[in-house]
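>>> one predicted model, sequence on top.
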Amino acid sequence: MLALFPLFQKKRSKEELEIRRFISRKFGYSIKEIYYFKKALTHKSIANNLGELSNERLEFLGDAVLDAVIAEYLFMKFPNEDEGYLTKIKSKVVSRRTLGKIASEMELSSIMRYNKGRSINLETIAGNAFEALIGAIYLDGGYEKTKKCINHHIFRKYVDYNQVLEEEIDFKSKLFIWSQQNKLPLTFEVVEEKHEGSAWIYTVVVLINGKEYGMGVGSSKKKAEQAAAKETIELMGDA
């Protein structure tokens, strides 16, 4: 009799199959209980019409789990940085902008359940649904499997940690602080401006006590100065 049991299981709907395929492909996770995931994808704009709860509670849970996973990752990756630095990096990685971008790139809206007749910021609600899905994976599979999904499938594909770090570090300010501490005059000099197509390209060199150090190129003077300051810091080693 036990061998016949699968014959009486409920047939999976087209929507359920789509959700399972999506989560497997994008998150690297195999769903056990579909209920959590259908709820995670249900926006409040349509929840009442479906007679269901929205994804807001799962979003709350997913936000906390995501924070814990990223905090652990950064704690291990940067053993010599203080809590202020780690907090700044984490806030960028899990910002609404970053999560919305991830959700957009993985085309999460294609399987979301929301009222398409209303004016809604799709990237925002997709970012919220992404957090809700993290909560669903946590409830369905536990913390370790959720951590694996985030670290190996999500952030490896959709988040450039090096770019986040570079955006966080203001090389120019750091170099000015160093020059003041060492009482050495510091200037940034534009050595070339050229027009390429529809954009301007700037080349900047750093002068410390009249001597040339790093050089940087960028689409704005600010970007070129940051690149020049970064190269100078790398050349000097201890700035």
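Nice, I can see it.
>>> ok, K77 to H152 distance?
Between K77 and H152 the distance is 15 Å, computed by Cβ to Cβ, to the nearest Å. All C-beta spots, glycine's among them, are computed from the backbone N, C-alpha and C.
>>> which helices and strands sit right next to the lengthiest helix in the chain?
Longest helix of the chain, by residue count under DSSP state H: helix 56-77. Judged by 3 or more Cβ pairs under 8 Å, 6 or more residues apart in numbering; DSSP states H and E, helix 56-77 is in contact with helix 34-40, helix 83-93, helix 122-141, helix 143-148.
>>> distance between it and the chain's centre?
Remark: helix 56-77 is offset 12 Å from the chain centroid, using Cα atoms, centre = their mean, to the nearest Å.
>>> neighbours around N115, how many?
14 (other Cβ atoms under 10 Å).
>>> now swap in V159 and tell me
Neighbours around V159, by other Cβ under 10 Å: 19.
>>> what sits against it?
With contact taken as Cβ atoms under 8 Å, 6 or more residues apart in numbering, V159 is in contact with V93, T98, I102.
>>> rerun at 7 Å
Contacts for V159 (Cβ atoms under 7 Å, 6 or more residues apart in numbering) come out as V93, T98.
>>> now V93
Counted by Cβ under 7 Å, 6+ apart, V93 has contacts I70, V159, V164.
>>> possible to save the residues you listed as TSV with distance to Y29 and pLDDT?
Formatted as TSV, the contacts of V93 follow (distance: Cβ to Cβ, whole Å; pLDDT from 0 to 100):
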residue	distance to Y29	pLDDT
I70	18	94
V159	18	83
V164	24	71
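>>> name the nearest of these relative to R113.
Using Cβ to Cβ, V159 is the member of these that lies nearest R113, at 26.0 Å.
>>> can you tell me how far the closest one is from I233?
24 Å.
>>> and among the helices and strands packed on helix 56-77, the most buried is which?
helix 122-141 (a mean of 23; mean count of other Cβ atoms under 10 Å).
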